[in-house]
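> one predicted model, sequence on top.
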Amino acid sequence: MDLNYTPDEEAFRRQVRNWLDENIPDSGLRGVDRNADRDKSTLEKMKAWQRRVHQAGYLALSWPKAYGGQAMDPVRQSIANEEMVRTRAPALIGAMGISMVGPTLIAWGDDEQKARYLPKILAAEEIWCQGYSEPGSGSDLASLRTRAEIEGDEFVVNGQKVWTSNAHFADMMFCLVRTDPDAPKHRGISYILIDMKSPGITVKPLVQMTGDRGFNEVFFDNVHVPRRNLVGKLNEGWMVANATLFHERNMLGSTTTTQMLFNRLKALAAGTMRSGRPLSEDPVFRQRLADLEIRVEAMKYHMLRQLTDSIRGRNPGLGAWVNKLVGTELNHDLATAAMEAMGDYALLARDDGHALDRGFWPYEWMFTLGLVIGGGTSHIQKNIIAERGLKLPKSR
Amino acid sequence: MDLNYTPDEEAFRRQVRNWLDENIPDSGLRGVDRNADRDKSTLEKMKAWQRRVHQAGYLALSWPKAYGGQAMDPVRQSIANEEMVRTRAPALIGAMGISMVGPTLIAWGDDEQKARYLPKILAAEEIWCQGYSEPGSGSDLASLRTRAEIEGDEFVVNGQKVWTSNAHFADMMFCLVRTDPDAPKHRGISYILIDMKSPGITVKPLVQMTGDRGFNEVFFDNVHVPRRNLVGKLNEGWMVANATLFHERNMLGSTTTTQMLFNRLKALAAGTMRSGRPLSEDPVFRQRLADLEIRVEAMKYHMLRQLTDSIRGRNPGLGAWVNKLVGTELNHDLATAAMEAMGDYALLARDDGHALDRGFWPYEWMFTLGLVIGGGTSHIQKNIIAERGLKLPKSR
Amino acid sequence: MDFGLTEEQEQLRESARHFLAGECPAAKMREIAADAAGFSPELERKIAQLGWPGLIVPEQFGGAGLGMLDMAVLLEECGYAAMPGPFLFSAAIAAYALAAGGGEELKTRWLRPLAAGAAAGALAMVEANDGLAPSDFATAARTAPSGAVINGVKMFVPYAQSASFFVVAARTGAGGREAGLFVVPADAPGVKVRPLKALDLTRRFAIVEFDGVLAPPESQLQGAADLYERVLGAGAIAIAADSIGGAQRVLDMAVEYAKVREQFGKPIGSFQAIKHAAAEIVADLEPARALTWYAAYAFDALPREAARAVAMAKARACDVYSRAADKAVLMHGGIGFTWDHDIHFWFKRSRMNESLFGAPPFHRERVAALGGY
Amino acid sequence: MDFGLTEEQEQLRESARHFLAGECPAAKMREIAADAAGFSPELERKIAQLGWPGLIVPEQFGGAGLGMLDMAVLLEECGYAAMPGPFLFSAAIAAYALAAGGGEELKTRWLRPLAAGAAAGALAMVEANDGLAPSDFATAARTAPSGAVINGVKMFVPYAQSASFFVVAARTGAGGREAGLFVVPADAPGVKVRPLKALDLTRRFAIVEFDGVLAPPESQLQGAADLYERVLGAGAIAIAADSIGGAQRVLDMAVEYAKVREQFGKPIGSFQAIKHAAAEIVADLEPARALTWYAAYAFDALPREAARAVAMAKARACDVYSRAADKAVLMHGGIGFTWDHDIHFWFKRSRMNESLFGAPPFHRERVAALGGY
């Protein structure tokens, strides 16, 4: 064990940080890292930001060089990610493409697909959205019913997707569709790429409990998709998608955000007076803060352990299965503690001028609960840990 | 709502309390209210105590007068129970007979059975034990496999029971046996009464994690039981037993014990110094104590509400389903808090001379966990609340 | 010994639930929540016809003369419906304050119209420092020739925008160490209301400035030394009752959903995780309801137990509501996170209830102090 | 950046688990627990052959010269086996104290035999008032011509009965405000040991009286002002590591049981309630293990972070172990409540670990204080 970074790595961190300090735009973009409404002008600014990151060599850190990535080792990837979060760099609008479609295409796509899509992902010329969840299949993703029938050289897609982030401005969707309704449910699914401008697609925004848009319903009415947009083999989409799901889990696993949340909570407690002294001096709230900090730190080292496993090329084992469950619940607990710290100020909506900490927490409190739910609720996560991790027998 | 007792009821309470103060024996019996080893002399003292309670008219409070009971209204029953717990009166050695078999026989037994068994239950001449759980059927009681085959005028019983409290000194067992192995599992069960002195019965004590005996395994090897010992109809034992199970739930529901536990915990905290002041003045432990007291009080009024329903002859509804779950977990939480309050003194076994509070808590801490498990673990209780109370669909 | 509702209380409860199901279903609640005023004049009128605003107002001032338990039974139903509007604050708290401490004239002027639904009172208690102790107030009532002059700024005043009068807590006495309560008409010179944006859309709050507001002697509430505490207690009970009703509602919504929503070819209610979450809500809720009834009863009938009972009920009911709302949202999965589903109104209301009139840790410390430990 | 075990540490871990599975399986653990001495001379001898007692003892005194992380890796396995005996207290804590603060002579006299398994040290720290701060001690070392004279009574001294020497904390200095640590041979005149009965049968404790015990100057440990804190820290890490191993064991036991035990015609492990309980243990345990490794590493390598890291690990590992043990017993149903089933040994050990060297609330407050809030 050695928690020091090499001089080279430290130099890399300084280099990333300096670049970010000098290049993060002055616009209101900073900190836009949660799903939210994105108007045209914001969208253009975000695309420009991604292109700048790409030109500087900080995009697609894990992709091979051959496809325009940086082929960085996991330590440098994590350093760069940490610095982006720490400096509150604007979110990458093409994150879904970079983290999910890109790696999938690199692993499963044919040469034509790679050549056609990868460069545009990097250049933020095509923004991607994910077509997985359906109204009838949330937890039970494999029960999806959106049909794709083969007609000549085309799939004809009919059905509905839901919880589709960014669908209202995305150019492309990677989508799971049922291509064999008679096969067992995991074996009749294919992974296809759909142009969002295709006739027959309707996108309807879903408003979140926060009042923001960000998710959508997407309806398919006889949408024609070329057969060359199939990734992997026909009816083997479940396998193709599982690789991507693993990437999603890792995306959710970063603890830098969690650490920043804790620091912000600690500052809130220090600045909030309760019965004549800062709340951070109240023995009861101190216990709460300390317990949260301990859990945050535990998660930090838990992730470092996995990073090390990844450097060593080892399977992280059971540990990796808990990241989503622990990480999202911890974030929600941090936000809930902040809501309690605020006393009556928690009554205020985030856009009230008297809201504490510029209205950060009410939104965060709700959004973090959304993250507990999205991508497999905690109930589902526990099933996964028990069944895949501990090999307990399936219930179904 | 009126939380006052009538002058008559107050007088009754004083009368019970006075009687108890004057009659509780000086022997070490007081407070023996948990399953434990009982040697012959203790047993005789406990039987004598029950007979004295009976003679004074405080036994079998809910039984009709015709069968030797007191036919008391629910308020008086609860007053008498409260006083027995409050004065730490010795446990009633025949409780299983009085609370479970007696009511079952009164409801389902024939005249001969009533005449034969009820008087001896009251007089502590026959002590009963319960033959329900089996090694293969804990939660899933109805899957029991102890067979009773009919041969002429007799049942011939083969099989094994487990968790049988008091079997090592009981005279009789009320027992669930399978009389029709081909029927659906709830429909092939009968409720029979077995003389524990019958040839072929072997009782093997089970030692608890506390180090005490109290539970047993009971083995049946061609045990002959007269057919007249069948209660209710053949193969309808599940229905007969369910009435008794309901009585068991009510037995577990008293909150007087819980209140006494809290008071004892509060006294412990007041008498334990931590960093130069009583633990009861530590703001963090005060939160814990207050939270526990609030839950204790809530449970107290919850039970009073059910008492009122019972006086009014109304179904207590959903509320009654939570008694076992909430009550047992609360008791265990109280004992756990006490263990934490004791600091390093929690290291001591109950019979060490330096143990705090005369070694009360380590035993209680374990025993209360046993109660969370016994009579349907909390998992099972939650299933019951959900399925029977909320009508959610069965999983099986 | 009778720990149950009377037949009249049972009727009140049933008729209230029936009325609110018809007149304030979720769709109506959402409509009112979307309106700037945050209440429906039409609904307020119908409520007034039922006599709700006067429930605890003495009969001589046009009320029904009932007690806090009756009010708690009613508020449980209002919480079940997440009924928007000033009702809880005016009819349970301001009405109590006036009835308990107002002189004849003050009662005639404000309590009678309040009972008739023609006036609503709002509480102006906490300030920017968010403390509930009188020593936390900067607002002071300075003695003047014609009564008192009130100066100060109150925060989080519920439904100040539509209130007819305020019950204002201000320092009085030598050195300003006591908490006096004054009834100030909303249109008194020097009163200025600035709306706040609330997270819970079924409620409205505002900042109220009192800038040299003249309060004649008869506008000060009189009565026991603990009147201020009692008024806070009425608030705590009201919020506890609302929380019990709200917790029941999120449970009912989740259970209903679990019966119809299918995953893996079965209703999700057949999965143990969903069952257990629902069962845990029930196990929390049922005893908390009994505790809340007890506190409301004790508030009127058992003066020595009341303060402690109220603190217990407020702490527990709010803990239970928040936990139930979190679980119920989770049981709904993604749909529970959408604006279109109703549950977020209760989810946010549970959060707000926790803060109002002292959060659970504050009340637990009170329980400890009043319990002598 | 490397947050993982070295190959040697992985080997230590695997060989320890393999060794303990063979030499200290549950049956053997029970046998030792049932014996009055609470340890097995045979097992101790085998451990000594493996060099475990000298793991963190410098090579010049016959040890392996390894660090606290190596010790934590080993203790995790001992906790997994619920290994009875003085090992943790002697090899991880007393050895650390001597290595860090002992003079040449003292080390030669005690540390060398300790490393060889020929002597065991025991800590005499807390007293009847159960406080960990030096100001809580009544035991004092009064300056005398030939060194110091120690008077006092220490409680909860682990394995005092079989110890060769004690590390005794006593007030020293002007006004007796500092905590001095003295090494006292068990057979020194004036030392009296009275056994206590422990709840956790895999451990033994005693009261040790020091009645005018003469301590020559070289018997006092020297070193940094925070030596006493450091020794407590070594204890906290040792217990944290034991707890991680114990939590892993109760999880493994429950999971194994859930795979074979059938109810309602299915293995109980197919019920969501059982699955979720197991998954919650994993979710608690895995990050807590990383935290404990970090604390052990920081103890040696990151002096500025060490105190805080240790407090975090002790609080978390013990919380996790207790919760895991409660859940695992519950997952076993009735069988888990019997003496014959092994799990109660871990259940009780989890409780004991919580108390030893400061309970979680104590360490959380330290985390807050050291974290500057």
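Yep, it's here. Numbers count the residues shown, from 1 in each chain, chains lettered A, B, ... in the order given.
> touching whichever helix or strand C:Ala95 is part of from outside, list them.
Element membership for C:Ala95 (DSSP states H and E) is helix C:95-101. Under the contact criterion CB atoms under 8 Å, 6 or more residues apart in numbering or on different chains, helix C:95-101 has outside partners C:53-54, C:56-58, C:61, C:63, C:68, C:106-107, C:110-111, C:114-115, C:121, C:123, C:167, C:181, C:183, C:221-224, C:227, C:230-231, C:234. For the C-beta atoms, the positions are set from N, CA and C on the backbone; glycine is no exception.
> mind listing which of these are in strands?
Mapping these onto strands (DSSP state E) picks out C:Gly121, C:Leu123, C:Val167, C:Leu181, C:Val183.
> and of those residues, the nearest to chain D?
C:Leu123 (33.7 Å; CB to the nearest CB).
> partners of the closest one in the sheet?
When assigned by DSSP bridges, C:Leu123 has beta-bridge partners C:Val167.
> what about it, distance to C:Gly79?
18 Å (CB to CB, to the nearest Å).
> and for A:Gly188?
From A:Gly188 to C:Gly79 the distance is 48 Å (CB to CB).
> for those two, indicate the residue with more neighbours.
C:Gly79 (29 against 19; other CB atoms under 10 Å in any protein chain shown).
> these two touch, right, A:Leu348 and C:Leu196?
Yes: the pair A:Leu348 / C:Leu196 is scored as a contact, 6.0 Å apart, by CB atoms under 8 Å.
> what touches both of those two?
Joint contacts of A:Leu348 and C:Leu196 (CB under 8 Å, 6+ apart) are A:His354, C:Phe205.
> in stretch C:332-345, what counts as buried?
For stretch C:332-345, the neighbour count (16 or more other CB atoms under 10 Å in any protein chain shown) marks C:332-339, C:341-345 as buried.
> convert stretch C:201-219 to PDB, retaining C-alpha atoms only.
What follows is stretch C:201-219, C-alpha atoms only, in PDB (Å, rounded to 0.1, in the frame of the first residue of the first chain):
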ATOM      1  CA  LEU C 201     -46.300  23.800  -2.700                       C
ATOM      2  CA  THR C 202     -49.300  23.100  -0.500                       C
ATOM      3  CA  ARG C 203     -48.200  25.800   1.900                       C
ATOM      4  CA  ARG C 204     -47.300  29.500   1.600                       C
ATOM      5  CA  PHE C 205     -44.900  31.400   3.800                       C
ATOM      6  CA  ALA C 206     -43.800  35.000   4.000                       C
ATOM      7  CA  ILE C 207     -41.600  37.400   5.800                       C
ATOM      8  CA  VAL C 208     -43.500  39.900   7.900                       C
ATOM      9  CA  GLU C 209     -42.000  43.200   8.900                       C
ATOM     10  CA  PHE C 210     -43.400  45.100  11.900                       C
ATOM     11  CA  ASP C 211     -42.100  48.600  11.600                       C
ATOM     12  CA  GLY C 212     -43.300  50.700  14.600                       C
ATOM     13  CA  VAL C 213     -46.600  48.900  14.700                       C
ATOM     14  CA  LEU C 214     -48.900  50.300  17.400                       C
ATOM     15  CA  ALA C 215     -50.400  47.600  19.600                       C
ATOM     16  CA  PRO C 216     -53.100  48.800  22.000                       C
ATOM     17  CA  PRO C 217     -53.100  47.200  25.500                       C
ATOM     18  CA  GLU C 218     -56.100  45.000  24.700                       C
ATOM     19  CA  SER C 219     -54.300  43.500  21.700                       C
END
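> quick one: the strands in the stretch 201-350 of chain A?
A:201-206, A:215-226, A:230-231, A:273-274, A:277-278 (DSSP state E, counting those that start in this stretch).
> same list (these) but as JSON lines, adding distance to chain B, mean pLDDT and mean neighbour count.
Shown next, in JSON lines, are the strands of the stretch 201-350 of chain A (distance: least, CB to the nearest CB, whole Å; pLDDT from 0 to 100; neighbours: other CB atoms under 10 Å in any protein chain shown):
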{"stretch": "strand A:201-206", "distance to chain B": "28", "mean pLDDT": "95", "mean neighbour count": "16"}
{"stretch": "strand A:215-226", "distance to chain B": "28", "mean pLDDT": "96", "mean neighbour count": "19"}
{"stretch": "strand A:230-231", "distance to chain B": "38", "mean pLDDT": "98", "mean neighbour count": "24"}
{"stretch": "strand A:273-274", "distance to chain B": "12", "mean pLDDT": "88", "mean neighbour count": "18"}
{"stretch": "strand A:277-278", "distance to chain B": "12", "mean pLDDT": "94", "mean neighbour count": "12"}
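> how's the chain carved up into domains?
Looking at chain A here, since you left the chain open. A:7-93, A:128-234, A:250-389 (automatic domain parsing).
> I was after chain C.
C:7-119, C:122-223, C:225-370.
> can you tell me which of those domains is most buried?
Highest mean neighbour count of the domains of chain C: domain C:225-370, a mean of 24 (counted as mean count of other CB atoms under 10 Å in any protein chain shown).
> that older thread, out of the ones in strands among the contacts of helix C:95-101, which comes closest to chain A?
The nearest one, if we look at those relative to chain A and count by CB to the nearest CB, is C:Leu123, at 12.2 Å.
> what's the distance between that closest one and C:Gly173?
Relative to C:Gly173, and taking CB to CB, C:Leu123 is found at 21 Å.
> which residues outside stretch C:47-60 are in contact with it?
C:15, C:19, C:61-68, C:70-71, C:74, C:87, C:90-92, C:95-96, C:99, C:111-112, C:114-118, C:120.
> 6 Å instead, please
C:62-66, C:70-71, C:91, C:95, C:99, C:111, C:114-115, C:117 (CB atoms under 6 Å, 6 or more residues apart in numbering or on different chains).
> which among those gets closest to A:Asp282?
Nearest to A:Asp282 among the contacts of stretch C:47-60 is C:Met71, at 33.0 Å by CB to CB.
> pretty sure the closest one contacts C:Ala92?
Yes: with contact defined as CB atoms under 6 Å, C:Met71 counts as touching C:Ala92 (5.1 Å).
> how about the secondary structure of A:Arg388?
Put simply, A:Arg388 is helix when judged by DSSP: H, G, I helix; E, B strand; the rest coil.
> quick check: chain neighbours aside, which residue is closest to it?
Residue nearest to A:Arg388 in three dimensions, not counting chain neighbours: A:Trp321, with 6.5 Å by CB to CB, 6 or more residues apart in numbering or on different chains.
> and the helix or strand containing A:Pro103, what's its mean pLDDT?
Secondary structure assignment for A:Pro103, by DSSP H and E: helix A:102-108. Helix A:102-108 shows a mean pLDDT of 94.
> and that helix, how far from the chain's centre?
17 Å (CA atoms, centre = their mean, to the nearest Å).
> ok so, going back, would JSON lines of the domains of chain A with distance to C:Ala138 be doable?
Listed next are those as JSON lines, based on distance: least, CB to CB, whole Å:
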{"stretch": "domain A:7-93", "distance to C:Ala138": "35"}
{"stretch": "domain A:128-234", "distance to C:Ala138": "34"}
{"stretch": "domain A:250-389", "distance to C:Ala138": "13"}
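> great, nothing more from me.
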